[in-house]
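K.L.:
I would like the atomic coordinates for the input below:
(2 chains)
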Amino acid sequence: MSGFLSLAVNGQLKEVRAGLTDTLLTVLRDQLLLTAAKRGCNQGVCGACTVLVDGRPQRACLSLAANCEGAEITTLEGLRANKAVVRLQQAFEATGAVQCGFCTPGLIISAHWLLSQNAKPDADAIRAGLCGNLCRCTGYRKIVDAVTAAAAETAP
Amino acid sequence: MNDLPQAVGAGLRRIDVREKVEGRAQYIADLYRPGMLHGAILGSPHAHARIKSYDIREALAVPGVQCVLTGDEFGDHRMGAFIKDEHAIAKGKVRYVGEPVAAVAAETEAAARLAARLVTVEYEELPAILEPEDALRADAAIIHEELQAYFKVFDAGSHANVCSRTSLVQGDAAAWAACDVVVEGDFTTRPQAHVSLEPCGALAEPEASGRVTVWSANQSVFRVQANVCESLGLPMSQLRCVTPRVGAGFGNKMEAHVQPIVVKLAMASGRPVKLILTREEDFEIVRARHPFKLRAKTGAKRDGTLVAREVEVLLDGGAYADDSPGVLGYSLLMSSGPYRFQYMKAAGTLVYTNKLRFGAFRGFGNPQVSFAGEQQIDEIAGKLGIDPLALREKSMLRAGDRWFGGAKIGSNGLAECIDRVRKASGWKGRGSLKASAPGRKRALGAACTAHISGLLATGAIVRVLEDGSIVLNTGAVDIGQGSDMALSQICAESLKVPVDRVRLASPDTDGSPYNWGTTASRVTYTTGRAVVAAAGEVERQIKAHAAEILECDAIDLELRPGGQVGIVGVPEKAVSFHQISARAHWAKGGPIVGTNSFVYDGPSVDPKRAVGIGVPFPQIGVFAFGALVIDAEVDEATGKVEVLRAWSAVDVGRAINPVSVEGQVEGAFVQGLGLALNEEMVWDGARLVNPSLMDYKVPTSLDVPYEINAIIVEAPEPDGPFGAKGVGEIGINVVPAAIANAIAAASGVRLNHLPLTPERVLRAILGEAG
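P.N.:
Take a look at the predicted model:
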């Protein structure tokens, strides 16, 4: 039922064992111990499991591991040296956009993608861009402020 | 210069956040132990049934299964915060759909889940009670046959399906005769799910010594210890409870979820066992906010002076008491709102039903009673033609007054809260607000509130290490609200050291002082007080050393910023914490440790002022106050309500970390928005039909206004740490009421039933019964 897969994760090829129904999220977390992506609902709603697949945000809980062979998978752990991500992380920290932090890794990936598509989003564009990531703690205002601040630092 | 604040009052970056933004923070699901098994549970398909027999053979045959447990393997031990009515796992009976009846530990999560489904349980179905009124019928099936024999921590008045009864009366009912206007109504609120982004879970590991260590998503390692040990019949010293980072709680993780089952699985298998609930299980088996059915009546004089109020509550507690008696008692205590009444009566009945337990949820019953009370204040204002905020100001409680029941109010910033929201919202010009489109009506709505912070026991240990750095250990679990930072700031400020000189020990029942929990808006206020006192003890010891080193009297010494102590008026005479602590460790006096612990003992009811029966907590806390104005628009063609802006002013005594305070106010507001407008757990018969985030909608970034304006008011509490009191809950209390008041102002309809869905609003506008 399960076989070996070769996944390109954070720039390295990793050999993992996965069955046909194992999700990318399970493999990342349980086998590669990359736990920044969280299982919040396992149904593709909360966005806490968001990772980049070939550069685009994707729900790791809805992605079958076997379908990810040959793709470039990037988790938050793999973006430590990415300046745009670091700016976002610093902005989240400075504006108080983090409370429990469970949604934060997914939000930062989504915000990173948003800024890569729209360098200077206004508050409404940020709200629209992040509406697939649930946060139950902050009320979103400080998250919007954080993304605005990070964008202001980046854009000319 | 020595008195300049270094830490308290500054919106410093939180110490727990760097690891969170980098994805390194470890929550319960992120922990793995060598040889770890995975747990799974089987839930009951019936709401009410007797368990006749189990067959676990098929489950045991699944490859990788290490142990299968049913109620037969658990002794007859019961847990409960107020009434000890709950086994670790169903035993003899099941009382709600989803209640755990069997548990499995296996090598993989998939094997554990498969095996759990293969446990066969034979049931004898019993009539299910799904509505509180049905629980009270004379011929109702009895949910807890042994109710009379259960241990109770207060005089609950339990009988049949009545879990507890509470009443509180103050003043003379003759006051009704003095009322020129009386409003009366029935109100209902619906169950709300906490939806902490992190589902509940636990990991237990047997130690070679025979003890067990358990990590779990929790709001109190000490409540985990008490609940597991009570329900498994273990001595508390056998269990060590620790905590990873917690992905929010809101009340959901205060009392037990799966910790007792996971500990039992670990003991039975001899291996570490981890069990993380699915989102569906988290909805179905943990707990939720109480649905309230209440009748309220409020009277006032022609000049707007509030005179009398009566509130009667019927509360559905679900299958187990959990925190329900507390929620009933607290909601009654809060049902007066922050006002003076000549006569005030509140009474309630809490019943068992065959639904999952309802329990603690941010606000703890206050949002539900406020939904009624704060609408009635507006109704009275409308009938008398008085500005609703002015009417509130006329009868509001002030510092030094007594709360309903007799508790003395220390500080009270309500007048300033009202003033600030009135100015910020442009309240006086509200008549000229323009709706965004034809067919829409727009108005401001207001409401006021108070909330306690306090309750029960807490402690702090401040240790000065050899190098002069400081470790603070309180046992208080930061569930994301920022208490680790607030307590560090309080400690740093007390000792005049930079905040990064203070590190927080992780809560651990072996090494931390007792802390009842992260609940009741209490950590900053109660634990903060203990930190100030423990730091004061450290200061005394440091000064004793310094006096010997500097050859002076300790009374002539002062703490100087940066971890120094010196002689007042002699700048060059100083000695560092490092020097002092090294001396204490290696030469004289012994390591410097400051400790403090206390139990909050301000009485909730003064028998000379009020008559309380079945009051579940004799001591309560200090009072925080708040005022809220909402700018809302009603689409009269669809009934949809959109909140455009909000101003939420909260008197927190002193904002230890203003950014964190704003975060609490904004987050509570949005959780209240969900409660007000759309969140509702829905049952089809006995089965919850929306236990998923697909079907149970919590607000997204597009569902909330950007303009949620948190306004901090500071009326210092005399015994609070640097004047602080709590802020965790107060921001949610009157969101539904203020929105309902805005709808009434915009469209002229009163809505007494939550949530304020488009259908309900539209029916009211069309004159149909909601």
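K.L.:
how close does the residue with the largest distance to the centre of chain B sit to B:Ile567?
P.N.:
Taking Cα atoms, centre = their mean, the residue of chain B most remote from its mean C-alpha position is B:Glu551, at 50.6 Å. From B:Glu551 across to B:Ile567, the span is 10 Å (Cβ to Cβ, to the nearest Å). Bear in mind the C-beta positions are built from the backbone N, C-alpha and C, glycine included.
K.L.:
And B:Arg137, by the same measure?
P.N.:
To B:Ile567, B:Arg137 is 78 Å away according to Cβ to Cβ.
K.L.:
Neighbour count for these two, which is higher?
P.N.:
For B:Arg137 versus B:Ile567, neighbours defined as other Cβ atoms under 10 Å in any protein chain shown are more numerous around B:Ile567 (19 against 11).
K.L.:
what are the phi and psi values for B:Glu280?
P.N.:
B:Glu280 has phi and psi values of phi -60, psi -50 when expressed as degrees, to the nearest 10.
K.L.:
Got the phi and psi for the residue farthest from the centre of chain B?
P.N.:
B:Glu551 has phi and psi values of phi 50, psi 60 when expressed as degrees, to the nearest 10.
K.L.:
So for it, what's the pLDDT?
P.N.:
Looking at B:Glu551, its pLDDT reads 97.
K.L.:
Repeat that for B:Ala582.
P.N.:
So B:Ala582 comes in at 97 (pLDDT).
K.L.:
Chain neighbours aside, what residue packs nearest to it?
P.N.:
Spatial nearest neighbour of B:Ala582, excluding adjacent residues (Cβ to Cβ, 6 or more residues apart in numbering or on different chains): B:Glu466 at 5.7 Å.
K.L.:
give me the number of residues near that neighbour?
P.N.:
For B:Glu466, the count of nearby residues is 13 (other Cβ under 10 Å).
K.L.:
How about B:Asn218?
P.N.:
33.
K.L.:
Thought B:Lys253 was touching it, still the case?
P.N.:
Yes. Proximity of B:Asn218 to B:Lys253 meets the contact threshold set by Cβ atoms under 8 Å, at 5.1 Å.
K.L.:
which residues do these two both contact?
P.N.:
B:Val246 (Cβ atoms under 8 Å, 6 or more residues apart in numbering or on different chains).
K.L.:
what pairs with the helix or strand encompassing B:Leu69, and is each one parallel or antiparallel?
P.N.:
Element membership of B:Leu69, judged by DSSP states H and E, is strand B:65-70. Partners of strand B:65-70 in the sheet, by DSSP bridges, are strand B:100-106 (antiparallel).
K.L.:
Do a quick rundown of the strands in the stretch 501-650 of chain B.
P.N.:
According to DSSP state E, counting those that start in this stretch, the stretch 501-650 of chain B carries its strands in the segments B:502-504, B:557-560, B:564-567, B:570-576, B:593-599, B:611-613, B:621-635, B:641-651.
K.L.:
so which of the ones you listed is the most packed in?
P.N.:
Mean neighbours per residue, mean count of other Cβ atoms under 10 Å in any protein chain shown, is largest over those for strand B:621-635, with a mean of 28.
K.L.:
And the helices in chain A?
P.N.:
A:24-26, A:83-95, A:104-117, A:123-129, A:141-154 (DSSP state H).
K.L.:
sorry, back to before: I'd like to know how far the residue farthest from the centre of chain B sits from B:Val464.
P.N.:
Applying Cβ to Cβ, the value for B:Glu551 to B:Val464 is 22 Å.
K.L.:
And the chain, what are its domain boundaries?
P.N.:
Using chain A. The record's domain parsing of chain A by automatic domain parsing lists A:2-78, A:81-154.
K.L.:
not what I meant, chain B
P.N.:
B:31-126+B:200-276, B:357-452+B:623-765, B:456-599.
K.L.:
End to end on the longest one, go ahead and measure it.
P.N.:
This means domain B:357-452+B:623-765. By Cα to Cα, to the nearest Å, the extent of domain B:357-452+B:623-765 from end to end equals 35 Å.
K.L.:
which one is the residue in the stretch 51-200 of chain B that chain A sits nearest to nearest to, not counting chain neighbours?
P.N.:
Nearest to chain A, among the residues of the stretch 51-200 of chain B, is B:Leu197, at 4.1 Å (Cβ to the nearest Cβ). Distance criterion Cβ to Cβ, 6+ apart; nearest residue to B:Leu197, sequence neighbours excluded, is A:Phe102 at 4.1 Å.
K.L.:
and the stretch 451-600 of chain B, which of its residues are near chain A?
P.N.:
Contact residues (Cβ under 8 Å from any Cβ of the partner chain) of the stretch 451-600 of chain B with chain A: B:Ile479, B:Gly480, B:Gln481, B:Gly482.
K.L.:
Could I get the average pLDDT for the helix or strand hosting B:Glu133?
P.N.:
Using DSSP H and E, B:Glu133 sits within helix B:132-135. Throughout helix B:132-135, pLDDT has a mean value of 98.
K.L.:
near chain A, anything from the helix or strand containing B:Cys417?
P.N.:
Using DSSP H and E, B:Cys417 maps to helix B:414-425. No. Helix B:414-425 lies apart from chain A when judged by Cβ under 8 Å from any Cβ; the minimum separation is 15.3 Å.
K.L.:
who touches B:Gln481 in this structure?
P.N.:
Counted by Cβ under 8 Å, 6+ apart, B:Gln481 has contacts A:Gln99, A:Cys137, B:Thr518, B:Val523, B:Ser660, B:Gly663, B:Gln664, B:Gly728.
K.L.:
And it, how far from B:Met254?
P.N.:
Distance from B:Gln481 to B:Met254, by Cβ to Cβ: 13 Å.
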